[in-house]
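**Q** structure here, sequence nowhere to be found:
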């Protein structure tokens, strides 16, 4: 991945990634809602959607850390604190996704929980 040094270009790319991730999250949430309502065929698709979310977010978070963190670190006096908050939020998001994806089968109450957690990520 080439290094983007321009803050405006980084912002444009990050906002486009956010929109693409929102689309995947909304789809996964809809699948989780259907699974929670008892649709077993749809419930079988939920792990696939969660995998798509994890892949998209992993790429996005890595991009932000590679591109945005150095920009923030150089923006004194508040930038370093914002960079720290960004890294902390990324750790929280990765932990939430890993926990969601670790469930072997997501049906019933687990699907309702997954839908609720996906709403919080959106």
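**A** That came in fine, so what should we check first? The structure displayed is predicted, hence computed values, not measured ones.
**Q** okay, CA-based contacts and neighbour counts for the rest of this
**A** Noted.
**Q** check which residues of the helix or strand containing residue 119 are buried.
**A** Using DSSP states H and E, the element containing residue 119 is helix 108-121. Within helix 108-121, the residues that qualify as buried are 108, 110-115, 117-118, counting by 16 or more other Cα atoms under 10 Å.
**Q** let me see the mean pLDDT of stretch 39-58.
**A** For stretch 39-58, mean pLDDT rounds to 86.
**Q** sorry, back to before: is it possible to get JSON lines of the buried residues of helix 108-121 that adds pLDDT and distance to residue 20?
**A** Output for the buried residues of helix 108-121, formatted as JSON lines (pLDDT from 0 to 100; distance: Cα to Cα, whole Å):
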{"residue": "108", "pLDDT": "65", "distance to residue 20": "28"}
{"residue": "110", "pLDDT": "72", "distance to residue 20": "26"}
{"residue": "111", "pLDDT": "73", "distance to residue 20": "23"}
{"residue": "112", "pLDDT": "73", "distance to residue 20": "24"}
{"residue": "113", "pLDDT": "77", "distance to residue 20": "23"}
{"residue": "114", "pLDDT": "75", "distance to residue 20": "20"}
{"residue": "115", "pLDDT": "73", "distance to residue 20": "19"}
{"residue": "117", "pLDDT": "76", "distance to residue 20": "18"}
{"residue": "118", "pLDDT": "74", "distance to residue 20": "15"}
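**Q** what's downstream of the helix or strand where residue 70 lies, the next helix or strand?
**A** Assigned by DSSP H and E, residue 70 belongs to helix 69-73. Per DSSP H and E, the first helix or strand lying C-terminal to helix 69-73 is helix 79-102.
**Q** okay, buried residues for that following helix please.
**A** For helix 79-102, by 16+ other Cα under 10 Å, it's 79-80, 83, 86-87, 90, 93-94, 97, 100-101.
**Q** okay, the residues you listed in a markdown table with distance to residue 35 next?
**A** Formatted as a markdown table, those follow (distance: Cα to Cα, whole Å):
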| residue | distance to residue 35 |
| --- | --- |
| 79 | 42 |
| 80 | 42 |
| 83 | 37 |
| 86 | 32 |
| 87 | 33 |
| 90 | 28 |
| 93 | 23 |
| 94 | 23 |
| 97 | 18 |
| 100 | 14 |
| 101 | 15 |
